[in-house]
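Student: Sequence and predicted model, in that order:
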Amino acid sequence: MTAVWRQLSPSAKVGFAMLAVFVIAGLFGPMVAPYDPTAIDLDHRFAGVSAAHWLGTDSNGIDTLSQLLWGARSALTISTTVVTISSATGLVLGIVAGWFEGATDEIIMRFVDILMAFPGILLNIAIVATVREPGQAVVIAALCANGWVGYARVARGQVLALRDRDFVAAAVALGAPSGHIMRRHLLPNVWGPTFVQLTFGFGTVIAIEASLSFLGLGPQLDYTWGAMLAQGTAFVWKAGFRGYVFIPGIAIMWVILGANLLGDGLRDYLDPRRVRRA
Amino acid sequence: MSLGSFLLRRLGSGALAILGVCVLAFAFLHLVPGDPIDHLAGGEVTPAQRAKLEKCMGLDESLPDQFLTFMGHIADGTLGHQCPDPANKPTVAARIAEVMPHTIALAIAGMLIAMLFAIPLGVLAAVRRGTWIDTFATVASLSGIAIPMMLLASLLLLVFFAELHWLPGPTETGVAALILPALAVGAHLMAMLSRMTRSSLVEVLGEDFVRTARAKGVTERRVIYVHALRNALLPVITVAGLQFGSLLSGAIIVEKVFSRPGLGLTLLEAILERDYPVVQGTVLVIAVIYVIVNIGVDIAYGVIDPRIRRA
């Protein structure tokens, strides 16, 4: 682990630090949040920065800092869950498709094709739209529904390349069962690229979740970053309240930027040729 | 793989994807727990009204029959009708046809703007590698990737419409009114393409034929812009084509911010009104455009570069 850290580029370390701040804010933020993120206080709407409200209040008088910290919790919960479920599903299906080839591969990959026929967040919107008041679980399910596809494609590609390697041929010759080969020989070799993808995935999930919340299709909470952004853009015309929109905006950019910097760095670490080319 | 079998295979998988999209679009309505009639009517219906609505929506038929009806509406080009009063309302297809040109125009404008900025920026960054221009390009593309589209769209509106009065604002659909939404929708692609152009050109500049050209005494300008750039742009343009669909889904958000008529706004309104035939219709149309564009790009690329056919 320390060896990896030493070889990472400075920008990847910055990305790691940015993600670490996000994780810490998500884990401990709600504990130190000064107010309840749902406590409406109509006497103090659109308040500016003050000692009582460090980042001011929103259109309902809710403390912005508390919203931000609880929003970090929501974003962390959703992104971690979605990335974990998606990558695990994608890894298993991708390795199975690449290893068994033939009919298994065809079925899995045609299914992948169909899911990929929906551009970007369209499938997520379509799924969330079927429920009247989507909770966090529905949003997570919608994001996982096509989230695994990318992981499956990468894992399958890796396995197709690994199939012809000598250590796999040796395992087959020794009579190792498929399950053993997939678990002990293929999985460890597919894990690297998956981890890179998983890092980028954090950014993607945050962006999609924010978009869904912005469209009013997120986990019906007032304090998700997307919902804050929707509120900020709705009131962006209101003098004195313009700064509000930047608070969730910067939070979202922070995570996406951190994920991209770390993802780029990890990819370069795993494929040093890329660095020499660049 | 021969060209013929490559074409057949690609078209076949495209047709299968479109069929799958139809099944999924149909399934959304039926997978959900709860009753679409309750959603539609808000739960306050008499049994007679309920029966009438069910009949209108075809929910009294068996599931396979409903699917056949659904496919029939696709085949006859109406994409279904809106209940409870189908005769006096336009078909779903008519509603979609009315707004579709706006979304297509937005996506194409977004694509043009993205390429217009991305390619020169990427080329400059590659040619002047390690200088401040390169750093600027990196920062610009990272910001383009990270900024949420709804924030960018609102900021563009705030600056260029509300403050400077340079460009038209929400709900307008003229050519000038296309600029801000197209910038918002294309920013992400712009960032992606400029990074791709840079790395692709850097790679090509290291290849043997470039060295040969330089050795022959070709001017550096000609080496970069004629010999190298042509080769470097092929993957960039392919990716741009394949990203057309992401512009369509970006349009959903941008149309909402700008209250701009289009497929996205129609979809969002239909979702809020629980108007399932319109939801299914728009989802279907967007997905089918996406599949067709992707197959087109794939085939074009496969014809140009035979190596692609093997994958």
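Tutor: On my side now, so go ahead. Residues are numbered from 1 along each chain as shown, chains lettered A, B, ... in the order given.
Student: what about the lengthiest helix in chain A, near chain B?
Tutor: Counting residues, the longest helix in chain A under DSSP state H turns out to be helix A:64-100. No: contact between helix A:64-100 and chain B is absent, the nearest approach being 12.2 Å (criterion: C-beta under 8 Å from any C-beta of the partner chain). Yep, even glycine has a C-beta here, placed from its N, CA and C like the rest.
Student: buried stuff in that helix?
Tutor: Using 16 or more other C-beta atoms under 10 Å in any protein chain shown as the test for burial, helix A:64-100 gives A:64-76, A:78-79, A:81-83, A:85-87, A:89-99.
Student: Which neighbouring elements make contact with the very next helix or strand once past it?
Tutor: As assigned by DSSP states H and E, the chain's next helix or strand after helix A:64-100 is helix A:102-116. The elements that helix A:102-116 packs onto, with contact taken as 3 or more C-beta pairs under 8 Å, 6 or more residues apart in numbering or on different chains; DSSP states H and E, are helix A:64-100, helix A:136-162, helix B:3-31.
Student: Buried residues in the next helix or strand after helix A:102-116, which are they?
Tutor: Per DSSP H and E, helix A:102-116 leads on to helix A:122-129 as the next helix or strand towards the C-terminus. Using 16+ other C-beta under 10 Å as the test for burial, helix A:122-129 gives A:122-129.
Student: Make CSV out of the residues you listed and add pLDDT.
Tutor: CSV is the format used below for the buried residues of helix A:122-129 (pLDDT from 0 to 100):
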residue, pLDDT
A:L122, 84
A:L123, 85
A:N124, 87
A:I125, 85
A:A126, 82
A:I127, 83
A:V128, 84
A:A129, 78
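Student: Within reach of chain B, which of the residues you listed are there?
Tutor: Near chain B, by the rule C-beta under 8 Å from any C-beta, you find A:122-123, A:125-127, A:129 out of the buried residues of helix A:122-129.
Student: Turn the residues you listed into CSV, columns for distance to A:T104.
Tutor: Below are those laid out as CSV (distance: C-beta to C-beta, whole Å):
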residue, distance to A:T104
A:L122, 28
A:L123, 24
A:I125, 31
A:A126, 28
A:I127, 26
A:A129, 33
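Student: what's the neighbour count on B:D76?
Tutor: B:D76 has 11 neighbours, counted by other C-beta atoms under 10 Å in any protein chain shown.
Student: Next, work out how far apart it and chain A are.
Tutor: 22 Å (C-beta to the nearest C-beta, to the nearest Å).
Student: Kindly report the same for B:P277.
Tutor: The gap separating B:P277 from chain A is 13 Å, by C-beta to the nearest C-beta.
Student: Could you verify my assumption that that residue touches B:V92?
Tutor: Yes: between B:P277 and B:V92 a contact is recorded at 5.1 Å, counting by C-beta atoms under 8 Å.
Student: So for those two, which sits in the more crowded spot?
Tutor: Neighbour comparison, B:P277 and B:V92: the larger count goes to B:V92, with 26 against 22 (by other C-beta under 10 Å).
Student: who touches that one in this structure?
Tutor: The contact partners of B:V92, by C-beta atoms under 8 Å, 6 or more residues apart in numbering or on different chains, come to B:73, B:78-82, B:277-278, B:280-281.
Student: Apply 10 Å and report the result again.
Tutor: B:73, B:78-82, B:266, B:270, B:275-282, B:284-285 (C-beta atoms under 10 Å, 6 or more residues apart in numbering or on different chains).
Student: okay, now B:T91: neighbour count?
Tutor: With other C-beta under 10 Å as criterion, B:T91 counts 19.
Student: Got phi/psi on it?
Tutor: The phi and psi values for B:T91, taken as degrees, to the nearest 10, are phi -70, psi 160.
Student: Select the helix or strand of the chain having the lowest average pLDDT value.
Tutor: Looking at chain A here, since you left the chain open. Every helix and strand of chain A was ranked by mean pLDDT, DSSP states H and E. The lowest is helix A:272-277, at a mean of 54.
Student: To clarify, I was referring to chain B.
Tutor: None of the helices or strands of chain B scores lower by mean pLDDT, DSSP H and E than helix B:36-41, at a mean of 64.
Student: buried residues in the next helix or strand after that helix?
Tutor: Sequence-wise, the next helix or strand downstream of helix B:36-41 (DSSP H and E) is helix B:47-57. Across helix B:47-57, burial judged by 16+ other C-beta under 10 Å covers B:53-54, B:56-57.
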